[in-house]
Every structure is written in structure tokens, then in C-alpha cells.
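J.: can't give you the sequence, but here's the structure:
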């Protein structure tokens, strides 16, 4: 089992940047594929980015491609989401998620993930 704790959210002006971190407990972090999801008020949770257990593969939803970068440091048990050129429509609660992965796959549907953090608020003002 793994526990996930996000940090790095906050209030930023449009065009600004934030870096989210998701720290995982346990000694087997490198066994987990990781993902970032977000949920805006009144909307369903949506996929943002995913990374495989080694960090060699990443995948993004179209609206953030070229602006957001997911990465991980397995030595620090942490996954990151660097968010640049932020827009008001990026405002949401951002959550990281983890799933044990036997191979080098990554996942973009929330139902594939077994563990979730509590989320961190990102607010982008216009």
C-alpha cells in the first residue's frame, strides 16, 4: 500500500507557472505507474498526465500538452507536475494517483488507479 501527499498548489496569474509534487510513502515507489488528475467545481474528474514506473514514458491530455510536464524521481519517491503558461481553465483540485504496474505501461483512466492523494488546489486568475 502507498500513501500519497500532494503539495505545491496555490494562486497564480494567467501565464504563470506552478510545480506540483506528490510524495509517496513506502519503499516500492518504482513499482507504481503514476498519474495526475484534476477536478474543477461542478465538473467530473479529468485525466491530466501519466508516467510509467521508470519515467521513460509519459502521456498528456491534449489541453495541457506542451504546457505541462510530468516527471518522477524514484530515489525521492516523488512525482512532479510542472505547469507552465497556466490558464484560468486550469483551475481545479489536482490529485495524484498510483497503481502497481507489472510492466512499463501507463494509464489515463481513473478507474485503473488504486491509490489517491487528497488533492491540492490550483487557482489561475485572469
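T.: Okay, I see it. This is a predicted model, so every value here is computed, not measured.

J.: quick one: contacts for residue 12?
T.: Contacts for residue 12 (CB atoms under 8 Å, 6 or more residues apart in numbering) come out as 18, 86, 122, 123, 124, 125. C-betas here are computed from N, CA, C, even on glycine.

J.: again, but for residue 58
T.: Residue 58 makes contacts with 49, 50, 51, 52, 69, 70, 71, 106, as judged by CB under 8 Å, 6+ apart.

J.: do the same with residue 25
T.: Neighbour list for residue 25: 2, 3, 4, 77 [criterion: CB under 8 Å, 6+ apart].

J.: give me the buried subset of the contacts of residue 58.
T.: 49, 50, 51, 52, 69, 70, 106 (16 or more other CB atoms under 10 Å).

J.: just list whatever residues bridge to the first one.
T.: Read it as residue 49. Judged by DSSP bridges, the bridge partners of residue 49 are residue 36, residue 60.

J.: all the strands of this structure, residue numbers only.
T.: Along the chain, the stretches classed as strands by DSSP state E are 4-7, 10-13, 18-24, 32-39, 46-51, 58-60, 68-73, 78-83, 92-100, 115-116, 120-125.

J.: and for the fourth one, what are the contacting residues?
T.: This means strand 32-39. Residues from elsewhere that reach strand 32-39 (CB under 8 Å, 6+ apart): 2, 20, 22, 24, 45-53, 70, 72, 79, 81, 90, 92-101, 105-108, 110, 113, 115, 119, 122.

J.: against residue 89, how distant is the one residue sitting closest to the centre of the chain?
T.: With distances taken as CA atoms, centre = their mean, residue 36 lies nearest the centre of the chain, 2.4 Å away. If you measure residue 36 against residue 89 using CB to CB, to the nearest Å, the figure is 16 Å.

J.: just residue 28 next, same as before
T.: Counting by CB to CB, the separation of residue 28 from residue 89 is 36 Å.

J.: again with residue 98
T.: Counting by CB to CB, the gap from residue 98 to residue 89 is 26 Å.
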